[in-house]
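Visitor: take a look and give me a structure for this.
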Amino acid sequence: MKFENFYKNVKTSKYFDKDSFIGQIVLNGIWYDDKYWRLEKDLLEIYDTYKGEVKIPRELFAGIVSILDVFIMHSTQELIFEKKSIKRPYLSLEFDPKERLEAISSYIFGIYDGDIESVDFDYTEDL
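Guide: Next comes the predicted model:
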């Protein structure tokens, strides 16, 4: 299935997985970096698939909003969760993960002009 990790993180999807990034945050209060990076990889693939389109499919739009809903009311510092990091140097110096989700989503929705590739997320290796 295309965008498998994305759908695993959409709370209203029949593919929602309690062990996904969003599932672990919502149900157990645990942030897993490796699960986040899988979600971000699919979000970037959604961007690549639909960039230049006037609109994206409704189910993708609703899914992204569902994911953002977990973070929209609070800053990352206000959310209470245990962070389980992996030993990979992915974290950007300029964007915390909530800001990354917001930036990627804004490019997918066409809110920001230009190409997401111009944003320096400081990737040190492929996802």
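Visitor: neighbouring contacts of stretch 55-66?
Guide: Outside stretch 55-66, the residues that touch it by Cβ atoms under 8 Å, 6 or more residues apart in numbering are 3, 6-7, 9-13, 43, 46, 50, 105, 108-109. For the C-beta atoms, the positions are set from N, CA and C on the backbone; glycine is no exception.
Visitor: now, which of those residues sits nearest residue 36?
Guide: In terms of Cβ to Cβ, no member of these lies closer to residue 36 than residue 9, at 9.4 Å.
Visitor: residue contacts, the nearest residue to the closest one once chain neighbours are set aside?
Guide: With sequence-adjacent residues excluded and distances taken as Cβ to Cβ, 6 or more residues apart in numbering, residue 9 is closest to residue 22, at 4.2 Å. With contacts defined as Cβ under 8 Å, 6+ apart, the neighbours of residue 22 are 9, 10, 11, 39, 67, 70.
Visitor: and what of residue 101?
Guide: Counting by Cβ under 8 Å, 6+ apart, residue 101 has contacts 40, 43, 67, 68, 71.
Visitor: I figured the first one was touching residue 100, is that so?
Guide: Which is residue 40. Yes. Between residue 40 and residue 100 a contact is recorded at 6.7 Å, counting by Cβ atoms under 8 Å.
Visitor: confirm that residue 43 sits in a strand.
Guide: No. The assignment for residue 43 by DSSP: H, G, I helix; E, B strand; the rest coil gives helix, which leaves it out of any strand.
Visitor: contacts only, for it.
Guide: Contacts of residue 43 (Cβ under 8 Å, 6+ apart): 6, 64, 101, 104, 105, 108.
Visitor: what's the spacing between it and residue 28?
Guide: Residue 43 sits 22 Å away from residue 28, going by Cβ to Cβ, to the nearest Å.
Visitor: count of residues packed around the residue lying closest to residue 112 once chain neighbours are set aside?
Guide: In this structure, residue 112 finds its nearest non-sequential neighbour in residue 106, 4.8 Å apart by Cβ to Cβ, 6+ apart. Burial of residue 106 is recorded as 12 neighbouring residues (other Cβ atoms under 10 Å).
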